[in-house]
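A.B. asks: The amino acid sequence is not available; the structure is as follows:
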């Protein structure tokens with residue numbers, strides 16, 4: 001399976017690695033008993049370009065609050081995963097945004113989502129002027145780009161989640177970070 005690639009507002013590309021995609025898609029809410037899940041997006045800016053790669057997505061951790069129609073992420077364990085990725089990558093891995101699931105075929109951000117995303121743009125420490133927000137629906141994954149200066153969001157694409165999860169390499173060990181593309 002190929003990594004999905006989206007075109008950002010500046011014309012650069014945003015790629016989601018198969019590893020990060022498989023981590024997120026493992027939590028699709030395709031049954032009534034499954035609560036929302038989420039985490040942070042970790043990746044890197046590609047040198048001499050405007051391209052970005054999401055290499056990892058943290059998964060729900062101890063302390064996170066998961067309900068059928070809500071997810072609240074605890075800061076500390078996700079921050080530790082982000083810090084560890086930064087160390088292992090020699091400082092090239094960084095925080096790129098957030099992801100979570102919705103129990104609907106084609107996800108739409110709720111008012112709570114939009115307010116949380118604006119908060120992240122205002123308060124989180126990150127490189128550049130944008131963060132990415134992914135919602136995994138039952139059939140479709142959608143990606144929004146949030147702008148720090150305007151606090152606005154632009155849908156930059158979607159991806160069909162109906163790809164067989166068995167075709168993804170479900171590798172729960174974070175990859176070793178190699179050199180930038």
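C.D. replies: Alright, I've got the coordinates. These numbers come from a predicted model, not from an experiment.
A.B. asks: C-alpha from now on. contacts and neighbour counts both.
C.D. replies: Fine.
A.B. asks: And the helices in this structure, which stretches?
C.D. replies: For the chain, the helices defined by DSSP state H cover 18-25, 75-88, 111-123.
A.B. asks: Same list (those helices) but as TSV, adding mean neighbour count and distance to residue 10.
C.D. replies: Supplementary listing: the helices of the chain in TSV, determined by neighbours: other CA atoms under 10 Å; distance: least, CA to CA, whole Å:
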stretch	mean neighbour count	distance to residue 10
helix 18-25	22	23
helix 75-88	16	25
helix 111-123	15	18
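A.B. asks: Mean pLDDT added to those helices, as CSV?
C.D. replies: CSV is the format used below for the helices of the chain (pLDDT from 0 to 100):
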stretch, mean pLDDT
helix 18-25, 95
helix 75-88, 95
helix 111-123, 96
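A.B. asks: Of those helices, which is nearest residue 95?
C.D. replies: helix 75-88 (6.9 Å; CA to CA).
A.B. asks: if we can go back for a sec, Throw the helices of the chain into CSV and include distance to residue 11, thanks.
C.D. replies: Listed next are these as CSV, based on distance: least, CA to CA, whole Å:
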stretch, distance to residue 11
helix 18-25, 22
helix 75-88, 26
helix 111-123, 21
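A.B. asks: among those helices, which is nearest residue 105?
C.D. replies: helix 18-25 (13.3 Å).
A.B. asks: quick one, what contacts residue 9?
C.D. replies: 145, 156 (CA atoms under 8 Å, 6 or more residues apart in numbering).
A.B. asks: Roughly how far does it sit from residue 59?
C.D. replies: Distance, residue 9 to residue 59, using CA to CA, to the nearest Å: 27 Å.
A.B. asks: Of all the helices of the chain, which one comes closest to residue 45?
C.D. replies: Of all these, helix 75-88 comes closest under CA to CA, at 12.7 Å.
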